[in-house]
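**Q** Okay, predicted coordinates and the sequence, questions at the end:
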Amino acid sequence: MIDLSMIEWGDIAFATWETLVMTGVSLLFTVLLGLPLGILLFVTASGQLLEQPGVYRVLSFVVNVLRSVPFLILLIVMIPVTVLLIGTSLGVEGAIPPLVVGTSPLFARLVENVLREVDRGVIEACQAMGVPTHRIIFGALLPEAMPGLIAATTVTAITLMSYAAMSGVIGGGGLGDLAIRFGYQRFQTEVMVITVALLVMLVQFIQHAGDRLVLYFTRK
Amino acid sequence: MIRIEQLSKTFRVDGREVSALNDINLEIGKGEVFGIIGRSGAGKSTLLRSLNLLERPTAGRVLIDGEDITGFDRSRLYALRQRVGMIFQHFNLLNAKTVAGNIDWPLKSTGSLSAAQRAARVAELLALVGLAEHAHKYPAQLSGGQKQRVGIARALANRPQLLLCDEATSALDPETTQSILRLLLDINRQFDLTIVLITHEMQVIRTLCDRVAVIDGGRIVESGRVADVFLHPQHPVTRGMVAQSDPLTAAMLDPGHAFAKDKLRGTLVRLTYLGDITYQPILSHIAAATPARFTILQGEVSSIKDLPFGQLLLELEGSDDDIRKVFAELDRFEIHHEVLQ
Ligand SMILES: Nc1ncnc2c1ncn2[C@@H]1O[C@H](COP(=O)(O)OP(=O)(O)OP(=O)(O)O)[C@@H](O)[C@H]1O
Ligand SMILES: [Mg+2]
């Protein structure tokens, strides 16, 4: 049934590369956006370091709204914004803005939860020493939370990879695009099987690498 | 050094007011080791945490070196906290930093020392608490006692004048507790450091403290020199805690409970004495001076911190006149005596 002689291996290699670029670049921006947002969510919550219930409610609401939009809808809604931002909504570049917007709120929530797991007593000890709040956040809180933050990044990276494949539907590049154009529209089952196998391998690899890093940073 | 005036604290829980501290007044001297003891929920932690404003009092003042800290702005509060060390029941060390990193952390994040000066200070502190060879370990690799030593070194890093201890030995076994208490006493003497500690263990107070306050239901119900409070507890809570920690004293405070009533014929007298008199042959003096006979029912000679003390429960037999002579002799030696029945 499956005939591998028909496959354009060059196309597949290129699509894999595109998927990695989309995931990597989006992950970078997701962390740049989501980490501060997550920290802000954590410190402004009631009973925390910079308690600001009003600010917390607003941020929390925005995050919830963004998280409740299904990614496929977000992809379509974002088209005009993406065109405005980078000139096109197609290809690898076109996929990045919706990916970042789609996963940053998720990452921010994960970061907030991870920070909440840090022992309160440790933060309190820092306060008792007279350490200014910003130093507590960057010098104590984040290093203490490092294993959890890495685990959250791993989860986010895997989510990004599957979203990146989904963006193939609206003309994003990468393995998803390949699967749709050849596997779905031209009935080349072989291409579909190979793309899925590749995605499975990539996810396995990311998870494994993430777990290794978590272990490396765990001091417990 | 510290003066607490009419301090009160109320927490608001689910719209209801919960009073944790009620009109607390205390004075603690420079270089003193002051203990606060009470049952769970009595308000000990809240009181201790008011001394560095981890807890903001609802009313009243806290004066440290004559200054009311409750009015401090943020920068003065940071400066104050750098002068006041604190150690905790669960140590609260940074797991992501090594032992040396933990001790360096307050220096690095608050001080103005150069990296070389900090390294020297960290080495000095490691030596002080006896952890020099563990400098590069992480807290997870240490025993409870070692973790508390790191906690102590970290608290001393900025050379505080005051050390607050929140149940510092409650998570440790008895032997480790003793070694940590000895370390605290050493530090108190070596640096003339004032220590305020809270505990629910009488033994900790006996080993370490000069004075003690007993707190119950957010109020101070009794306070004074440890020996006085320990030997003559007045409040039921204090009596309860003494009885718990020391069955011998408990039996002497309540002999009716501890001895068969029908076997006791004479007058029951409890003697207590402190200091050098402990080494005097008082009983032979009494025996020589009066014809009264006595039986020792219970007795203890020990020390509270460095102060030797003795307490004896005697059954005296003789005429009223004989017994009066015994009391006169006891007065001559300044031995406290009370008739029990
Ligand atoms: N943050 C808080 N919010 C509400 N109530 C509090 C808070 N902290 C303490 N309380 C209440 O204040 C009272 C005194 O608590 P505190 O922690 O000072 O007691 P404690 O003597 O230290 O007890 P323990 O020996 O159990 O540590 C308790 O009734 C407690 O429930
Ligand atoms: Mg407590």
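**A** On my side now, so go ahead. Numbers count the residues shown, from 1 in each chain, chains lettered A, B, ... in the order given. Ligands and ions are numbered 1, 2, ... in the order given.

**Q** Going by C-alpha atoms from here, please, whenever you check contacts or count neighbours.
**A** Will do.

**Q** in terms of contact, does residue A:147 touch residue A:214 like I think?
**A** Yes: assessed by CA atoms under 8 Å, residue A:147 is found in contact with residue A:214 at 4.7 Å.

**Q** These two: which has the busier surroundings?
**A** Neighbours per residue (other CA atoms under 10 Å in any protein chain shown) separate residue A:147 from residue A:214, with residue A:147 holding more: 22 against 18.

**Q** The helix or strand harbouring residue A:191 packs against which elements?
**A** Residue A:191 belongs to helix A:189-217 when assigned by DSSP states H and E. When contacts are defined as 3 or more CA pairs under 8 Å, 6 or more residues apart in numbering or on different chains; DSSP states H and E, helix A:189-217 sits against helix A:142-166, helix A:174-178.

**Q** buried sites along that helix?
**A** Buried positions in helix A:189-217, judged by neighbour count with 16 or more other CA atoms under 10 Å in any protein chain shown: A:189-192, A:194-195, A:199, A:202-203, A:206-207, A:210, A:213-214, A:217.

**Q** And stretch B:9-17, by the same measure?
**A** Buried residues in stretch B:9-17, counted by 16+ other CA under 10 Å: B:9-10.

**Q** And chain A, is that stretch touching that?
**A** No: using CA under 8 Å from any CA of the partner chain, stretch B:9-17 never reaches chain A; the gap is at least 13.0 Å.

**Q** tell me the mean pLDDT for that stretch?
**A** Averaging pLDDT along stretch B:9-17 gives 92.

**Q** Check whether that stretch comes near ligand 1.
**A** Yes: contact of stretch B:9-17 with ligand 1 is found when judged by CA under 6 Å from any ligand atom, involving B:11, B:13.

**Q** and that stretch, how far apart are its ends?
**A** Stretch B:9-17 has an end-to-end distance of 10 Å (criterion: CA to CA, to the nearest Å).

**Q** got the contact list for that stretch?
**A** For stretch B:9-17, the external contacting residues (CA atoms under 8 Å, 6 or more residues apart in numbering or on different chains) are B:18-22, B:56-59.

**Q** swap in stretch A:127-142?
**A** With CA under 8 Å, 6+ apart as the test, stretch A:127-142 has contacts from A:49, A:115, A:118, A:123, A:126, B:52, B:54, B:77-82, B:84-86, B:94, B:106, B:109-110, B:155.

**Q** do stretch B:156-173 as well
**A** Residues from elsewhere that reach stretch B:156-173, judged by CA under 8 Å, 6+ apart: B:45, B:48, B:82-91, B:103-104, B:106-107, B:111, B:121-122, B:125, B:144-145, B:148, B:155, B:177, B:180-181, B:192-200.

**Q** nearest spatial neighbour of the residue nearest to the spatial centre of chain A, skipping sequence neighbours?
**A** What sits nearest the mean C-alpha location of chain A, by CA atoms, centre = their mean, is residue A:156, with 3.5 Å. Nearest non-adjacent residue to residue A:156, counting by CA to CA, 6 or more residues apart in numbering or on different chains: residue A:107, 6.3 Å away.

**Q** count of neighbours near the one you found?
**A** Neighbours of residue A:107 under the rule other CA under 10 Å: 27.

**Q** quick one: secondary structure of it?
**A** Recorded secondary structure, residue A:107: helix (DSSP: H, G, I helix; E, B strand; the rest coil).

**Q** Spit out the contact partners of it.
**A** Residue A:107 touches A:30-31, A:34-35, A:38, A:152-153, A:156, counting by CA under 8 Å, 6+ apart.

**Q** 10 Å instead, please
**A** Applying CA atoms under 10 Å, 6 or more residues apart in numbering or on different chains to residue A:107 gives the contacts A:27, A:30-31, A:33-35, A:37-38, A:63, A:100, A:113, A:149, A:152-153, A:155-157.

**Q** so residue B:336 bridges to which residues?
**A** residue B:272 (DSSP bridges).

**Q** How confident was the prediction at it?
**A** 92.

**Q** To ligand 1, which of the helices and strands packed on helix A:189-217 lies closest?
**A** Minimum separation from ligand 1 across those (CA to the nearest ligand atom) falls at helix A:142-166, 23.5 Å.

**Q** Looking at that closest one now, give me its mean pLDDT.
**A** Averaged across helix A:142-166, pLDDT comes to 95.

**Q** Compute the inter-axis angle for it and helix A:189-217.
**A** For helix A:142-166 against helix A:189-217, the angle by axes from the mean of the first three to the mean of the last three CA atoms, to 10 degrees is 180 degrees.
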